[in-house]
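Colleague: Quick check, what structure comes out for this input:
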Amino acid sequence: MAISAIIPKLACIALMWLVVGAPDRVESAVTCNQVVNYLTPCVNYVLNGGMVPQPCCTGVRTLYAAASTTQDRQGVCNCLKSVVNGSPISSSSTNNAASLPGKCGVNLPYKISPSTDCKSVK
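Modeller: Reported below is the predicted structural model:
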């Protein structure tokens, strides 16, 4: 599947999350739209593997720095989880997504996974 076909799906999933999930969530400084924007350069790596592009790692590190509170980290976790749960990506793509923080030198306090309990993220 072409990257140009995935980006609109990711944006749509993030928008659905905002519409459906917004009434129940605690406000955080980092929005799901920002998460998607920071991580858009990672789409090709997530889908196909290979080398992680530098703009992807820049986005991962910027997002990590922006999510400085528990609320922010839980919001980012929920956004990532909803994107992973809502997209028809393979298990290898899910594994690629989960490997991004480590490959970009970020020690994420949780795993990017459909089964992550974001309420436990501190």
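Colleague: if I pick the residue most central in space within the chain, what's in contact with it?
Modeller: Central residue of the chain (C-alpha atoms, centre = their mean): Leu80, 3.5 Å from the mean position. Applying C-beta atoms under 8 Å, 6 or more residues apart in numbering to Leu80 gives the contacts 35, 97, 112. C-beta here means a position set from N, CA and C on the backbone, and glycine is covered the same way.
Colleague: any idea how far the first one lies from Ser115?
Modeller: Val35 sits at a distance of 19 Å from Ser115 (criterion: C-beta to C-beta, to the nearest Å).
Colleague: Tell me where this structure has strands.
Modeller: Remark: no strands are assigned in the chain by DSSP state E.
Colleague: Quick check: which ranges of it have low pLDDT?
Modeller: Applying pLDDT under 70 to the chain flags residues 1-28, 84-89.
Colleague: Neighbour count: Val35 and Ser115, which is higher?
Modeller: A direct count of neighbours by other C-beta atoms under 10 Å for Val35 and Ser115 places Val35 higher, at 25 against 8.
Colleague: you'd agree the more buried one is up against Arg73?
Modeller: No: counting by C-beta atoms under 8 Å, Val35 sits too far from Arg73 to count as a contact (11.3 Å).
Colleague: which ones are touching Tyr45?
Modeller: 51-53, 56, 96, 100.
Colleague: I'd like those laid out as JSON lines, including distance to Ala67 and neighbour count.
Modeller: Output for those, formatted as JSON lines (distance: C-beta to C-beta, whole Å; neighbours: other C-beta atoms under 10 Å):
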{"residue": "Met51", "distance to Ala67": "25", "neighbour count": "9"}
{"residue": "Val52", "distance to Ala67": "19", "neighbour count": "20"}
{"residue": "Pro53", "distance to Ala67": "21", "neighbour count": "14"}
{"residue": "Cys56", "distance to Ala67": "17", "neighbour count": "22"}
{"residue": "Asn96", "distance to Ala67": "21", "neighbour count": "22"}
{"residue": "Leu100", "distance to Ala67": "14", "neighbour count": "21"}
